[in-house]
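Enquirer: Just to be clear, the model below is a prediction. Sequence and coordinates:
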Amino acid sequence: MNVLVYAGKGSSPEAVRHACHQLRWILSPYYAVSTVDADALTNHPWPAYTACLVMPGGADLPYCEALNGEANRKILNWIRSGGKYIGFCAGGYYGSARVEFELGTPIAVQGSRELKLFPGTARGCAYPGFVYDSESGARATTLRYANGETATYYNGGGVFVDADSTQNTTVLARYTEKPLAVDGGDAAVVRCTVGKGVALLTGLHPEFSAEILRRQNSADPNHHLSDPVLKKLLDNDQSRMQFLRYLAGPDGLGLKVAQEIKAPTPTSLFISSISSQVMDEFVAKCVEPLADKDGYFQGQTDRFQFITAGSLEYTKALSDAIEDKDQDDPNKKLKTVVLYRGPNAIPDSLETPFFNHSVYYRSLVASHEQLHSNSIWMGITLMYADVITSTNTIMDGNFSLLKTLPHGFTATAAQQVAGKGRAGNVWVSPHGSLPFSVFLRHPYSPSSPSPSVIFIQYLAALAITEAVCSGDYQEMPVRIKWPNDLYIKNVEHEHDSSKPEYTKICGILVSSSLYENEYLVVVGCGINCTNYAPTTSLNTVLHQIVNPSRKARGLSELPDFNREGLLGRILAYFEVMYDKFKYEGFAPFLDRYYGKWLHQDKIIRLQEEGGVPCRIKGIDLEFGMLEVAAVDDFGRETGQKYSLQPDGNSFDMLNGLIKRKQ
């Protein structure tokens with residue numbers, strides 16, 4: 001079943017983002033959390049596949065303008081028949097019989113509301129200082145409920161007047177910080193029985209993540225919480241999550257809540273392109289030959305259903321996917337693939353709140369212009385998911401799909417739950433990382449050899465490094481570690497010289513298979529871009545090393561990296577390099593590669609040769625091997641040379657050792 005978060009007129013994009021993120025966390029794998037607009041609520045058959053409707057924070061009056069009449073009638077009938085409603089802040093006002101907001105001020109709002117889920121008045125603001133589109137009146141409000149106390153984000157919410165004596169109403173949480181700015185009691189959260197259904201209305205924001213607010217604080221100076229408010233929210237974030245689970249669970253709405261907060265299950269896949277012609281070709285060559293009449297396709301690892309964005313089948317498809325009996329195995333779970341067709345048809349920021357497709361495509365085009373490139377094929381068709389098993393295995397784990405994909409097809413996600421590394425390593429990627437995979441059709445001909453696919457991992461490493469360090473960001477201390485990692489200056493080393501000087505920032509994995517005289521290559525990458533934990537990210541180094549250095553020299557601070565802009569820039573660099581590499585090999589890039597790697601003339605030891613010391617000489621241009629020369633105790637070369645394959649060997653930088661990959 002679905003949990004639908006309203007994302008239309010009146011809703012705040014930030015409130016939608018928080019609601020989707022936090023509800024996915026606590027309701028996965030039992031429900032599919034997605035967004036819905038006023039047209040869908042009015043005209044689509046959503047009630048049959050929906051367990052809960054969420055009205056997020058925003059503005060109550062535009063909700064009335066968008067939903068009064070048929071949509072509200074449909075919502076109310078569905079609730080009376082057993083549906084569940086959550087109203088956060090503005091959604092709480094909207095679900096009440098009457099609203100009284102800031103009476104006697106220029107922003108006063110009052111009047112009756114159609115749903116009347118709480119049969120009384122929602123009166124606000126509970127605390128003074130509210131300003132539209134501002135954090136100036138925001139606070140961390142302490143509340144008390146059956147299991148204890150916590151503090152949540154508050155900005156403009158109300159109290160539910162005389163809720164203790166209101167029929168079919170139970171107070172679930174109360175404001176504890178007195179005095180309140182309005183009279184009528186201290187009810188902060190109420191549960192209302194409506195026919196066979198139930199409504200949960202709040203005056204505050206238990207769904208607002210302190211971690212997301214912290215990232216927003218550093219990224220958006222126009223929406224900046226005070227340090228004491230942010231600290232209180234961060235200190236209470238774990239207890240807030242328990243409170244949210246309490247509200248959603250049997251003591252509140254009665255939804256099925258995960259007993260443990262764990263990695264979410266894969267979400268829908270969105271495929272789009274800035275070229276409608278390219279998208280039509282993708283559907284004709286990849287989708288139509290594989291899918292049955294209902295859009296289903298069984299790959300070697302995953303099961304897919306292809307549907308068109310905006311179709312009536314979309315809501316039902318989400319519900320079918322979440323109820324799949326194999327949901328405990330993320331690889332076996334049905335993958336709903338939403339296709340965006342037509343001119344300028346790309347997901348908007350409400351459909352994919354963790355990835356802005358417009359920013360990505362603008363960056364892709366602008367980066368090509370800066371590189372004086374006249375064509376775009378890499379990343380022009382993009383597959384995105386909020387949560388995915390692995391951007392690599394979604395392609396190379398389904399060979400029937402892989403062999404139909406267009407050259408340059410790219411997959412990315414906000415989070416991987418089965419990220420793929422060398423030697424079969426699997427992990428859950430943190431939020432803020434940038435996982436992506438690019439599909440290449442690399443030519444093969446025995447009579448006219450093409451450059452070895454071995455070099456593609458080197459090329460990808462160079463492209464990512466140069467893209468990160470482009471323009472004003474040339475001081476970003478990113479370096480290449482052979483054979484397929486990128487490292488960055490370790491922030492901890494700046495304060496403690498006993499810590500390693502560099503730490504890993506990116507891993508690259510290339511897989512290939514020969515099929516009909518060409519290599520089918522998947523280049524998988526994972527970059528720590530904006531995350532602040534559990535590992536170092538580009539933004540951490542930008543904030544703690546690069547910008548302080550610039551500020552000390554009287555230079556302006558550089559803006560944070562964002563995943564969408566960086567991905568577009570990386571793919572432009574990679575495409576331009578690959579086009580040249582395909583005809584000229586790796587030789588034109590060798591000096592640039594050496595200029596960015598960590599190893600030139602370094603002394604290392606070879607584990608497989610009994611620890612013999614060697615000096616690193618460079619990369620062999622025929623087979624892509626690492627060339628090293630043995631040295632004596634005085635560092636003089638002995639004449640013994642070794643060639644090391646990138647596959648099967650790894651570089652232990654801490655111990656200056658090249659060893660067999662386990």
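Expert: Thanks, I have it. Numbers count the residues shown, from 1 in each chain.
Enquirer: Any figure for the gap between residue 510 and residue 460?
Expert: Computed with Cβ to Cβ, to the nearest Å, the distance linking residue 510 and residue 460 is 7 Å. (Each C-beta comes from the backbone N, C-alpha and C, glycine too.)
Enquirer: Now do the shared contacts for the two.
Expert: residue 523 (Cβ atoms under 8 Å, 6 or more residues apart in numbering).
Enquirer: Please, where are all the helices along the stretch 201-350 of the chain?
Expert: Along the stretch 201-350 of the chain, counting by DSSP state H, counting those that start in this stretch, helices occupy 210-219, 227-235, 237-248, 276-282, 313-322.
Enquirer: Which neighbouring elements make contact with the third one?
Expert: Helices and strands in packing contact with helix 237-248 are listed as helix 13-27, strand 139-145, strand 148-154, strand 169-175, helix 210-219; criterion 3 or more Cβ pairs under 8 Å, 6 or more residues apart in numbering; DSSP states H and E.
Enquirer: residues of it that come out buried?
Expert: Using 16 or more other Cβ atoms under 10 Å as the test for burial, helix 237-248 gives 237, 240-241, 243-248.
Enquirer: do the fourth one as well
Expert: By neighbour count on 16+ other Cβ under 10 Å, the buried set for helix 276-282 is 278-279, 282.
Enquirer: May I see these organised as TSV, with distance to residue 607 added?
Expert: Converted to TSV, the buried residues of helix 276-282 look like this (distance: Cβ to Cβ, whole Å):
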residue	distance to residue 607
278	48
279	50
282	46
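Enquirer: Go through those and name the one nearest residue 13.
Expert: Of all these, residue 279 has the smallest distance to residue 13: 25.7 Å, by Cβ to Cβ.
Enquirer: got the domain boundaries for this structure?
Expert: 2-248, 269-594, 599-660 (automatic domain parsing).
Enquirer: what's the offset of the shortest one from the middle of its chain?
Expert: In terms of Cα atoms, centre = their mean, to the nearest Å, the centre of domain 599-660 is set 39 Å apart from its chain centre.
Enquirer: Could I get the average pLDDT for that domain?
Expert: Averaging pLDDT along domain 599-660 gives 82.
Enquirer: ditto for stretch 536-552
Expert: 95.
Enquirer: what's the span of it from first residue to last?
Expert: One end of stretch 536-552 sits 23 Å from the other (Cα to Cα, to the nearest Å).
Enquirer: Residue 111: which of the buried residues of helix 276-282 is nearest?
Expert: Relative to residue 111, the closest of the buried residues of helix 276-282 is residue 279; by Cβ to Cβ it sits at 45.7 Å.
Enquirer: now the closest residue in space to the closest one that isn't next to it in sequence: how far from residue 631?
Expert: Excluding its sequence neighbours, the residue lying closest to residue 279 (Cβ to Cβ, 6 or more residues apart in numbering) is residue 273, at 4.2 Å. Taking Cβ to Cβ as the measure, residue 273 falls 53 Å from residue 631.
Enquirer: And the two? Which one has more around it.
Expert: residue 273 (23 against 16; other Cβ atoms under 10 Å).
Enquirer: how about that one, what does it touch?
Expert: Applying Cβ under 8 Å, 6+ apart, the residues contacting residue 273 are 279, 282, 340, 346, 380-382.
Enquirer: Adding pLDDT and distance to residue 309, write the residues you listed out as TSV.
Expert: As requested, those are arranged in TSV below (pLDDT from 0 to 100; distance: Cβ to Cβ, whole Å):
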residue	pLDDT	distance to residue 309
279	96	11
282	97	14
340	95	5
346	94	9
380	98	18
381	98	15
382	98	14
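Enquirer: Of the residues you listed - the most surrounded one?
Expert: Busiest of the contacts of residue 273 [other Cβ under 10 Å] is residue 382, holding 27 neighbours.
Enquirer: for it, helix, strand, or coil?
Expert: strand (DSSP: H, G, I helix; E, B strand; the rest coil).
Enquirer: Phi first, then psi, for the residue nearest to it when sequence neighbours are not counted.
Expert: Nearest residue to residue 382 in three dimensions, chain neighbours excluded: residue 410, at 5.3 Å (Cβ to Cβ, 6+ apart). Main-chain dihedrals, residue 410, degrees, to the nearest 10: phi -130, psi 140.
Enquirer: chain center to the longest strand along the chain: distance?
Expert: Across the chain, the longest stretch assigned as strand under DSSP state E is strand 502-515. Strand 502-515 sits 20 Å away from the centroid of its parent chain (Cα atoms, centre = their mean).
Enquirer: Which strands and helices lie in contact with that strand?
Expert: helix 454-468, strand 478-481, strand 485-489, strand 518-528.
Enquirer: how about a cut-off of 7 Å?
Expert: helix 454-468, strand 485-489, strand 518-528 (3 or more Cβ pairs under 7 Å, 6 or more residues apart in numbering; DSSP states H and E).
Enquirer: Adding mean neighbour count, distance to residue 164 and mean pLDDT, write those out as CSV.
Expert: Listed next are the helices and strands packed on strand 502-515 as CSV, based on neighbours: other Cβ atoms under 10 Å; distance: least, Cβ to Cβ, whole Å; pLDDT from 0 to 100:
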stretch, mean neighbour count, distance to residue 164, mean pLDDT
helix 454-468, 23, 58, 97
strand 485-489, 22, 57, 95
strand 518-528, 23, 50, 96
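Enquirer: quick one, which of those is nearest to residue 102?
Expert: strand 518-528 (44.0 Å).
Enquirer: Name every strand pairing with that closest one and say which way it goes.
Expert: strand 433-443 (antiparallel), strand 502-515 (antiparallel) (DSSP bridges).
Enquirer: quick one: buried residues of the last one?
Expert: Neighbour-count burial for strand 502-515, with 16+ other Cβ under 10 Å as criterion, is recorded at 502-512.
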